[in-house]
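Novice: model the following, please.
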Amino acid sequence: MRRLPKTLFAAAALFSLTAASRAQTDVVIYGGSVAGVMAAVQAARMGRTVALVAPEKHLGGITVNGLGGSDIDNHWFRNSDAVGGIAREFYLRVGKKYDKPGPVWRFESKVAEAVLEEMLGAEGPRLSIYREQQLTSVVKERGRALQAIRAASGREFSGRVFIDASIEGDLIAAAGVETIIGRESNSKYGETKNGIRAENTYRQFAVRVDPYKIPGNPKSGLIPTIQDEPYGTPGEGDHRLQGFCFRLCLTKNPDNRLPVAKPANFDRGQYEIYLRYTRAGGDLFFPVANLPNGKTDLGSWHDLSANLYGMNYAYPGGSAEVRRQVYQQHRDFTQGLLWFLANDPELPAKVREHWAGWGLCRDEFTDNGGWPRELYIRDARRMVSDYVITEQHNRRINPEPVSDPVAVAFWPSDTHHVRRIVKDGAAYNEGFVFGGDDWGPFGISMRALLPRRAEATNLIAAAALSSSHVAYGAVRLEWTFMALGQASAVMASEFLGAKQPITAVQDVDYRKVRESLIAAKQVLALNSVPAKSDATK
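Specialist: Reported below is the predicted structural model:
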């Protein structure tokens, strides 16, 4: 038998290793959010081979991590009319799990995850899923076209078109696409609600809370959760982000309850602001069973709850380790807060009574001690493209027209406070924008999902799309991300299947995208809503 030279053995081994570690598909999707799941399902349904590459183990983002309330038909306006296509299919499937004949908007995380896994599993061999694959780099070999993405595991995923479905915009950033973190100035896009807010009355402190370690003494320093920084100039931009929190899934059912333990590193001083708030006569937030089977979807939108301002600025552009640290800081603080609210003797009895008996759910997040595996990332990177969604698109009267909608956003700008500072000698929340009578639904332009041609020609942003900070607050709902994931997959498929071959996603024929989305029952346009004052008469 003839022996091969050692160099050929080495080359053969290298080829075998490369082939084994590389997955080649039509479409590569990065990110396990609901946008990523729906993009994967839609692309597979259109006959494309798909690799869904996710840094997460559990797919579905915050939808499967505590956010069981979908912000659908839960205010004075009816926005379920905007929920079509694959998003409505999801809610109908959830309804079947609860033996309901129509869509169900409020659900348990474990049920949402089961539905999403079933939808993915139904697509068979066209769809391959790679979990716990953290992006490390992008291969860009032919000008502006992406060739592959690389993961920390050593695996490489090559494709013809790529979709960034991460909330954090990790793939677009790694590909060299321009992104922004924080708030733009009002002057940048001619807006009125962006940047530092001149005044915040929404979710402002209901009572006056002294912010100083020694009450009345500014020289003594500030108590925890308050940032020592100047107010700044109203309307100017900055690096700040909406507060993060957990969407807490709690129960009082003794058969399903995991008691909230006092953390080993518990520091009672971290919660001084809660004591001062109640002493001043304020009423703290508390859980209510608002999901099936006696569970909660407890968020933080109150004047004082579990939103942690200023502790998340490093998250969007941070490494996996930085993000893990931010997660752990929030978990430690929140676990301590839950124990504190139920047990501290200096709190009013009614506060302790509200929280007594509540615990984590034994049947949720079973591999993480009952804690959601992800924080609610309300704000991270956003793409900056030639087309930017702004406050003007979200206006009720004379909105900016959109000629190429691929989905509908139906929510007011909803940007939570970004910091807690001192104003006029008291604790003050700054940054919230929500509600009012001046907003309406709007079409989300296909161009907002596409980077500049000079930066990337086969990349689509499904979640970290091109939008100002304040406009993103109207887009960042889970059902909207589902619609954007579906739209991204249709755009990708039309790029791959164009009768006249094209080399850039920017050249996709919108008419073909529109036809396919309508065939998939996507909602592309709605009439405006009445003013709240008219609707409630």
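Novice: make it CA atoms for all contacts and neighbour counts henceforth
Specialist: Fine.
Novice: which stretches of the protein have low pLDDT?
Specialist: The chain contains residues with pLDDT under 70 at 1-21, 142, 528, 530, 533-537.
Novice: return the set of buried residues in stretch 42-62.
Specialist: 42-45, 48-56, 58-62 (16 or more other CA atoms under 10 Å).
Novice: show the end-to-end separation of it, please.
Specialist: Terminal residues of stretch 42-62 lie 20 Å apart, using CA to CA, to the nearest Å.
Novice: ok now that stretch, how far from the chain's centre?
Specialist: Here the centre of stretch 42-62 is set off from its chain's centre by 16 Å, with CA atoms, centre = their mean, to the nearest Å.
Novice: what residues does that stretch touch?
Specialist: With CA atoms under 8 Å, 6 or more residues apart in numbering as the contact definition, stretch 42-62 has outside contacts at 23-34, 36-37, 40, 64, 86, 113, 116-117, 123, 126-135, 157, 374-376, 486, 489-490, 492-493.
Novice: stretch 426-435 now?
Specialist: 193, 196-197, 199-200, 202-205, 208-211, 226, 242, 303, 412-422, 470.
Novice: quick one, which of those are buried?
Specialist: Neighbour counting over these (16+ other CA under 10 Å) leaves 193, 196-197, 200, 202-205, 209-211, 226, 242, 303, 412-422, 470 as the buried ones.
Novice: one step back: please flag which of the contacts of stretch 426-435 sit within strands.
Specialist: 419-422 (DSSP state E).
Novice: as TSV, those with distance to residue 505 would be great.
Specialist: Formatted as TSV, these follow (distance: CA to CA, whole Å):
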residue	distance to residue 505
419	39
420	42
421	45
422	48
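Novice: name the nearest of the residues you listed relative to residue 284.
Specialist: residue 420 (16.8 Å; CA to CA).
Novice: please tell me how far the closest one sits from residue 313.
Specialist: Residue 420 is 14 Å from residue 313, where distance means CA to CA.
Novice: could you do residue 177 as well?
Specialist: Using CA to CA, one obtains 20 Å as the distance from residue 177 to residue 313.
Novice: do residue 437 as well
Specialist: 31 Å.
Novice: which residues does the nearest residue to residue 524 once chain neighbours are set aside bridge with?
Specialist: Distances taken as CA to CA, 6 or more residues apart in numbering place residue 407 nearest to residue 524, at 5.0 Å, with adjacent residues excluded. On the basis of DSSP bridges, residue 407 is bridged to residue 444.
Novice: and for residue 407, the neighbour number?
Specialist: Per other CA atoms under 10 Å, the neighbour tally for residue 407 reads 29.
Novice: what does residue 351 give?
Specialist: Neighbour count for residue 351, taken as other CA under 10 Å: 18.
Novice: and residue 527, by the same measure?
Specialist: Neighbour tally, residue 527, other CA under 10 Å: 9.
Novice: from now on call the first residue 45
Specialist: Happy to do that; since the first residue is 45 now, the last one works out to residue 571.
Novice: secondary structure element for it?
Specialist: Counting by DSSP states H and E, there is no helix or strand that carries residue 571.
Novice: quick one: it and residue 441, what's the gap?
Specialist: On the measure of CA to CA, residue 571 and residue 441 end up 11 Å apart.
Novice: cool, and residue 491?
Specialist: In terms of CA to CA, residue 491 sits 23 Å off from residue 441.
Novice: these two - which one has more neighbours?
Specialist: A count of neighbours by other CA under 10 Å puts residue 491 above the other of residue 491 and residue 441, at 24 against 15.
Novice: now the more buried one, nearest residue through space, not along the chain?
Specialist: Among residues not flanking residue 491 along the chain, residue 431 sits closest, at 6.0 Å (CA to CA, 6+ apart).
Novice: now do residue 152
Specialist: residue 112 (5.7 Å).
Novice: wait, doesn't the one you found sit right on residue 155?
Specialist: No - using CA atoms under 8 Å, residue 112 and residue 155 do not qualify as a contacting pair, with a distance of 9.6 Å.
Novice: isn't residue 549 right next to residue 499, touching?
Specialist: No - using CA under 8 Å, residue 549 is not in contact with residue 499, being 11.8 Å away.
Novice: okay, those two: which has more neighbours?
Specialist: Set residue 549 next to residue 499 and count neighbours by other CA under 10 Å: residue 549 wins out with 22 against 17.
Novice: for that one, give its distance to residue 509.
Specialist: 15 Å.
Novice: what do you get for residue 517?
Specialist: 12 Å.
Novice: what's across from residue 261 in the sheet?
Specialist: Legend: beta-bridge partners of residue 261 under DSSP bridges are residue 258.
Novice: state the distance from it to residue 267.
Specialist: Relative to residue 267, residue 261 is positioned 12 Å away (criterion: CA to CA).
Novice: more neighbours, these two?
Specialist: residue 267 (20 against 13).
Novice: residues contacting the nearest residue to the more buried one once chain neighbours are set aside?
Specialist: Distances taken as CA to CA, 6+ apart place residue 257 nearest to residue 267, at 5.2 Å, with adjacent residues excluded. Applying CA under 8 Å, 6+ apart to residue 257 gives the contacts 264-267.
Novice: a markdown table for those residues, including secondary structure and distance to residue 317?
Specialist: As requested, the contacts of residue 257 are exported to a markdown table (DSSP: H, G, I helix; E, B strand; the rest coil; distance: CA to CA, whole Å):
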| residue | secondary structure | distance to residue 317 |
| --- | --- | --- |
| 264 | strand | 15 |
| 265 | strand | 14 |
| 266 | strand | 10 |
| 267 | coil | 7 |
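Novice: looking at those, which is nearest residue 137?
Specialist: Nearest to residue 137, judged by CA to CA, of these is residue 267 at 47.4 Å.
Novice: for that closest one, give its distance to residue 354.
Specialist: Between residue 267 and residue 354 the distance is 14 Å, computed by CA to CA.
Novice: ok, now residue 66?
Specialist: 40 Å.
Novice: same deal with residue 98?
Specialist: Using CA to CA, residue 98 is found at 27 Å from residue 354.
Novice: go on, residue 428?
Specialist: 24 Å.
Novice: the two - which one has more neighbours?
Specialist: Shown here are residue 428 and residue 354; by other CA under 10 Å, residue 428 has more neighbours (22 against 19).
Novice: got a list of what the more buried one touches?
Specialist: Shown in contact with residue 428 (CA under 8 Å, 6+ apart): 221-224, 495, 509-511.
Novice: quick one: which of the residues you listed has the most company?
Specialist: residue 509 (33 neighbours).
Novice: look up phi and psi at that one.
Specialist: phi -70, psi 170 (degrees, to the nearest 10).
Novice: for the stretch 245-394 of the chain, which segments count as strands?
Specialist: 256-258, 261-266, 294-295, 301-302 (DSSP state E, counting those that start in this stretch).
Novice: name the helices or strands packed onto the last one?
Specialist: Think strand 301-302. If you count contacts as 3 or more CA pairs under 8 Å, 6 or more residues apart in numbering; DSSP states H and E, strand 301-302 packs onto strand 403-405.
Novice: with the second one instead?
Specialist: Here strand 261-266 touches strand 256-258, going by 3+ CA pairs under 8 Å, 6+ apart.
Novice: nice, that's everything, thank you.
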